[in-house]
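Novice: sharing a model that was predicted from the sequence below.
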Amino acid sequence: MRPLEYKDGVLKLIDQTRLPTECEYVDCSTYEEVADAIVNMIVRGAPAIGVTAAYGVAIGALSIKSDSKEDFFNELEKICDKMRSTRPTAVNLFWAIDRIYKKALSNKEKSISEIKDILVEEACRMDTEDVETNKAIGRNGNELIKPGSTILTHCNAGALATCDYGTALGVIRIAHESGKNIKVYADETRPYLQGSRLTAWELQQQGIPVTIICDNMAGHTMKSGKIDCVIVGADRIALNGDTANKIGTYSVAVLAKENNIPFYVAAPVSTIDFSTETGDGIPIEERKEEEVTHIKGIRIAPEGVPVSNPSFDVTPNKYITGIITEKGVIYPPYETNIKKLKE
Ligand code: MRU
């Protein structure tokens with residue numbers, strides 16, 4: 001199940017705002033449309049928005065009319081800035097834009113038309129690589145899963161949040177495919193309901209047993225002995241292992257520690273921000289009030305009440321049992337072991 005498909009200058013995205021009741025697609029043929037799709041969460045999830053932004057830059061480059069190299073690169077920078085302004089927390093977005101921009105710069109000597117082709121190829125390469133990376137994360141994480149386990153997850157770190165396969169759900173998928181007879185509990189993940197709308201839908205499609213709980217049921221469910229481990233995705237991991245992920249992840253991690261349940265983060269190395277020392281340096285996106293005060297356009301809170309809607313939180317490294325990457329599972333001390341991934 002792929003949330004995005006590029007063909008001939010058009011990026012087709014599953015409209016994730018409408019799942020699970022409707023499975024509709026949105027076509028983006030300008031970079032502005034791609035940027036809007038990221039802002040409005042038609043596409044979401046750290047790896048998926050990274051690759052989407054790369055396609056956005058390539059689509060934007062194709063539309064540049066000028067045959068002056070200087071104008072071309074000025075325009076390209078503007079397109080990259082537009083993409084960077086879409087969402088602040090997931091570092092994969094910035095990683096992907098920097099990678100595609102550097103690709104253009106390193107081919108500066110070629111003709112504009114050749115550079116355009118190279119940018120499209122690079123976005124497609126990132127797309128393919130992401131799927132391979134997720135499969136490797138899945139294989140590495142599968143080693144940690146005991147047969148018959150019940151796994152709790154939060155938000156959606158599945159195929160829909162990546163180019164396919166998923167990170168946290170990639171581990172779950174490989175464990176399922178290898179006959180481990182696993183079960184999943186999915187937190188519904190207020191306010192945007194990525195757990196109940198997307199994770200439950202995705203796992204159902206794959207035939208993996210899934211039960212939804214409201215976020216405030218996680219503690220009780222763990223204390224009742226129903227959960228063997230927690231696996232979540234990540235939007236940005238600091239050098240010391242502090243991890244930003246969907247709002248509510250921190251509470252789940254604290255509850256897991258209290259109940260002696262291993263808590264794993266599954267993410268590609270591109271989610272590590274090697275330039276940020278600790279979680280305190282991670283920007284947290286604040287989203288619009290309506291996500292909290294309304295569900296499907298229906299008001300569920302009194303008019304005029306102040307609302308806070310941070311979209312992510314940071315789980316301190318001390319709550320994280322291990323970080324599952326495509327290069328292997330990283331354990332504490334994260335301060336030294338994460339740096340080794342860069343070498
Ligand atoms: O706001 P979202 O839906 O983009 O947030 C997504 C998450 O928090 C995911 O857990 C994270 O991006 C990892 S996706 C593999």
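Specialist: Great, that's in hand.

Novice: what about stretch 234-252, near the ligand?
Specialist: Yes - interface with the ligand: stretch 234-252 contributes Ala234, Asp235, Asn245, Lys246 (CB under 6 Å from any ligand atom). Every residue, glycine included, has its C-beta placed from N, CA and C.

Novice: looking at these, which are in strands?
Specialist: Counting by DSSP state E, the residues of stretch 234-252 next to the ligand place Asn245, Lys246 in strands.

Novice: which one of the residues of stretch 234-252 next to the ligand sits closest to the ligand?
Specialist: Each of the residues of stretch 234-252 next to the ligand was scored against the ligand by CB to the nearest ligand atom, and Lys246 proved nearest at 3.4 Å.

Novice: surely that closest one and Thr315 touch.
Specialist: No - the pair Lys246 / Thr315 is not scored as a contact, 10.5 Å apart, by CB atoms under 8 Å.

Novice: please report how far Thr162 lies from the ligand.
Specialist: 5 Å (CB to the nearest ligand atom, to the nearest Å).

Novice: so what's the nearest residue to that residue once chain neighbours are set aside up against?
Specialist: Spatial nearest neighbour of Thr162, chain neighbours left out: Pro47 (4.2 Å); criterion: CB to CB, 6 or more residues apart in numbering. Contact analysis of Pro47 by CB atoms under 8 Å, 6 or more residues apart in numbering lists Asn92, Asp130, Thr133, Asn134, Ala161, Thr162, Cys163, Thr167, Pro268, Ser270, Thr271.

Novice: quick check: the fifth one touching Ala48?
Specialist: Yep, that's Ala161 we're talking about. Yes - assessed by CB under 8 Å, Ala161 is found in contact with Ala48 at 5.4 Å.

Novice: helix/strand/coil for the residue nearest to Asn134 when sequence neighbours are not counted?
Specialist: With CB to CB, 6+ apart as the measure, Tyr165 is the residue that lies nearest to Asn134, at 3.9 Å, once sequence neighbours are left out. Classification of Tyr165 by DSSP: H, G, I helix; E, B strand; the rest coil places it in coil.

Novice: equivalent analysis for the one 5 residues further on, please.
Specialist: Judged by three-state DSSP, the three-state class of Gly170 is helix.

Novice: ok, and the closest non-adjacent residue to it?
Specialist: Gly138 (3.6 Å).

Novice: which helix or strand contains Val329?
Specialist: strand 328-330 (DSSP states H and E).

Novice: just checking, what packs against that strand?
Specialist: helix 112-142, strand 322-325 (3 or more CB pairs under 8 Å, 6 or more residues apart in numbering; DSSP states H and E).

Novice: so which of those is the most packed in?
Specialist: Ranked by mean neighbour count, the helices and strands packed on strand 328-330 are led by strand 322-325 with a mean of 25 (mean count of other CB atoms under 10 Å).

Novice: can you check the pLDDT for the closest residue to the ligand within the chain?
Specialist: Closest approach between the chain and the ligand, counting by CB to the nearest ligand atom: Gly233, at 2.7 Å. We have a pLDDT of 98 for Gly233.

Novice: relative to Asp187, how far out is the closest residue to it other than its chain neighbours?
Specialist: In space, Gly233 comes closest to Ala157 once its chain neighbours are excluded; the distance is 2.6 Å by CB to CB, 6+ apart. To Asp187, Ala157 is 12 Å away according to CB to CB, to the nearest Å.

Novice: wait, the residue of the chain closest to the ligand sits on Arg44?
Specialist: No - counting by CB under 8 Å, Gly233 does not reach Arg44; the two are 11.2 Å apart.

Novice: what do the two both touch?
Specialist: In contact with both Gly233 and Arg44: Ala161, using CB under 8 Å, 6+ apart.

Novice: neighbour count winner among the two?
Specialist: Gly233 (31 against 25; other CB atoms under 10 Å).

Novice: contacting residues around the more buried one?
Specialist: Per CB under 8 Å, 6+ apart, neighbours of Gly233: 45-46, 155-157, 161, 166-168, 245-246, 265-267.

Novice: distance-wise, check it relative to Ile79.
Specialist: Gly233 is 27 Å from Ile79, by CB to CB.

Novice: cool, Asn181 as well?
Specialist: Distance of Asn181 to Ile79, computed by CB to CB: 48 Å.

Novice: what of Trp95?
Specialist: Counting by CB to CB - Trp95 and Ile79 are separated by 17 Å.

Novice: show me which of Ala157 and Asp187 is the more surrounded one.
Specialist: Ala157 (34 against 29).

Novice: the more buried one looks like it's in a helix, true?
Specialist: No - when classified by three-state DSSP, Ala157 is found to be coil rather than part of a helix.
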